[in-house]
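In: 3D, please:
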Amino acid sequence: MDDKTRADLERFQADNKVTTKGPLSLVVQLSDALRRHRQPWQPQDFLTENKGQVAGLGGANLKKILARHGITRILSAEGGRTSRGNMGLMMKYIDFMNRLREDVGIDYEGVEEFWAEQVGRYFHNQPFTLNADATRTLGANLDDLFQQARKRQSENPGTQYLGTMLQHLIAAKLSIVLPAGSFQVFGAAVADAPSARSGDFVINDTVVHCTTSPGEPLIRKCEANLNAGAKPIIITLFERVRTALDLAADAGLAGRVDVWDVQQFLATNVNERSLFDPAARAAQIGGIIAVYNQIIDTVETDPSLRIEFEAN
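Out: The predicted structure follows:
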């Protein structure tokens, strides 16, 4: 696609706020439908028989188009069919595409790829969701949250959503239970960089290490902590606890390094602070998420790391 076409599409997107799933669903499907209609395009050619909706919109159709561009996530189950404002947007888009056709011609593949990119950005910018389903344990709900991070990480190679989330959830919990100023919070990239710091959080004589994948370099850090008179704690995912314990034992540090799983680390705090009162439990979870989001806004640059809390 030429630069002018891209600039025109970006301007249309900005002017008409085509950034949410309803409008995006519409323009993706309309862009595909244009190939099969006579030019110049007329808005009435894209209406249902009763003229009440835009024709051809549907979840299956949208899924098929996006799959051609490697997007397998569901943008809209209804494909934008019932989104308010679609009729007006359809008319504006048809008018825009007619002018674009007369000006520089239509690169159908390029236009469709442009909108697929915007769908990808929409998914990327969506916050994660923690659903505090009262019929399940907090650990199970956290597992669902972590699975969202794993999935997004797999869709964006080179990113570390899960590790960043784990580190800042731990920071949020510690911030709630400890006096202000007890420790410093750094961005995840800073924490992973070579530095003089002995761990992710240093609290009095204790050094907390947060990891989704414990390995020998971490164990060497723990050994250095011990040699310096500090007490190391590794907080990791439940399924990685055994790995960390075995690595510590292999290094001759059995019984000298605490290893905790993050699910129980958070769940224990929530139950204790709520006094095991189910009515207060959700508020405690919400409090941790609120502090977590404050940390994301302060030390990270990616707002998609935020978590929306849904209490049932």
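In: show me what contacts residue 169?
Out: Residues near residue 169 by CB atoms under 8 Å, 6 or more residues apart in numbering: 262, 266, 288, 292. For the C-beta atoms, the positions are set from N, CA and C on the backbone; glycine is no exception.
In: Could I get the residues you listed in JSON lines, plus columns for distance to residue 35?
Out: Formatted as JSON lines, the contacts of residue 169 follow (distance: CB to CB, whole Å):
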{"residue": "262", "distance to residue 35": "50"}
{"residue": "266", "distance to residue 35": "51"}
{"residue": "288", "distance to residue 35": "50"}
{"residue": "292", "distance to residue 35": "46"}
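In: now, which of the residues you listed lie within strands?
Out: Using DSSP state E, no member of the contacts of residue 169 sits in strands.
In: Reformat the residues you listed as a markdown table; add neighbour count.
Out: Listed next are the contacts of residue 169 as a markdown table, based on neighbours: other CB atoms under 10 Å:
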| residue | neighbour count |
| --- | --- |
| 262 | 25 |
| 266 | 21 |
| 288 | 22 |
| 292 | 23 |
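In: Which single one of the residues you listed is nearest to residue 13?
Out: residue 292 (31.1 Å; CB to CB).
In: my read: that closest one touches residue 300, true?
Out: No: here residue 292 does not reach residue 300: they are 10.6 Å apart, not a contact under CB atoms under 8 Å.
In: anything in contact with each of those two?
Out: With CB under 8 Å, 6+ apart as the test, residue 292 and residue 300 both reach residue 168.
In: Nearest to residue 110 among the contacts of residue 169?
Out: Closest to residue 110, out of all of the contacts of residue 169 and judged by CB to CB, is residue 292, at 39.8 Å.
In: Please report the distance of the closest one from residue 283.
Out: Counting by CB to CB, to the nearest Å, the separation of residue 292 from residue 283 is 15 Å.
In: Likewise for residue 244?
Out: For residue 244, the distance to residue 283 - CB to CB - is 32 Å.
In: Looking at these two, which one has more neighbours?
Out: residue 244 (26 against 14; other CB atoms under 10 Å).
In: Check the gap between the residue lying closest to the more buried one once chain neighbours are set aside and residue 100 for me.
Out: Leaving out its chain neighbours, the residue that sits closest to residue 244 by CB to CB, 6 or more residues apart in numbering is residue 214, at 3.9 Å. Separation of residue 214 from residue 100 (CB to CB): 54 Å.
In: out of those two, which sits in the busier spot?
Out: residue 214 (23 against 18).
In: Correct me if wrong, but that one is in a helix.
Out: No: counting by DSSP: H, G, I helix; E, B strand; the rest coil, residue 214 is not part of a helix but coil.
In: My guess is it contacts residue 240. True?
Out: Yes: the pair residue 214 and residue 240 qualifies as a contact (CB under 8 Å) at a distance of 5.8 Å.
In: So for these two, which residues contact both of them?
Out: Counting by CB under 8 Å, 6+ apart, nothing touches both residue 214 and residue 240.
In: ok, then the element right after the helix-or-strand element of the chain with minimal mean pLDDT?
Out: Taking mean pLDDT, DSSP states H and E as the measure, the chain has helix 188-192 as its least confident helix or strand, at a mean of 63. Next helix or strand after helix 188-192 toward the C-terminus (DSSP states H and E): strand 201-203.
In: for the helix or strand just after that next one, which positions count as buried?
Out: Downstream of strand 201-203, the next assigned helix or strand under DSSP H and E is strand 206-210. Under the neighbour-count criterion of 16 or more other CB atoms under 10 Å, strand 206-210 has 207-210 buried.
In: quick one: which of these is nearest to residue 114?
Out: residue 210 (38.8 Å).
In: Could you pull up the residues touching the closest one?
Out: 163, 166-167, 170, 191, 200-201, 235-236, 262.
In: Setting the sequence-adjacent residues aside, check what's closest to it.
Out: Using CB to CB, 6+ apart, the nearest residue to residue 210 is residue 167, at 4.3 Å.
In: element containing the closest residue to residue 274 other than its chain neighbours?
Out: Of all residues not flanking residue 274 in the chain, residue 280 sits nearest, at 3.9 Å (CB to CB, 6+ apart). In the assignment (DSSP H and E), residue 280 maps to helix 278-299.
In: what's that helix in contact with?
Out: 130, 132, 134, 138, 168-169, 171-173, 175-176, 185-187, 190, 266, 269-271, 273-274, 302-303, 305-307, 309, 311.
In: Perfect, I'm done here.
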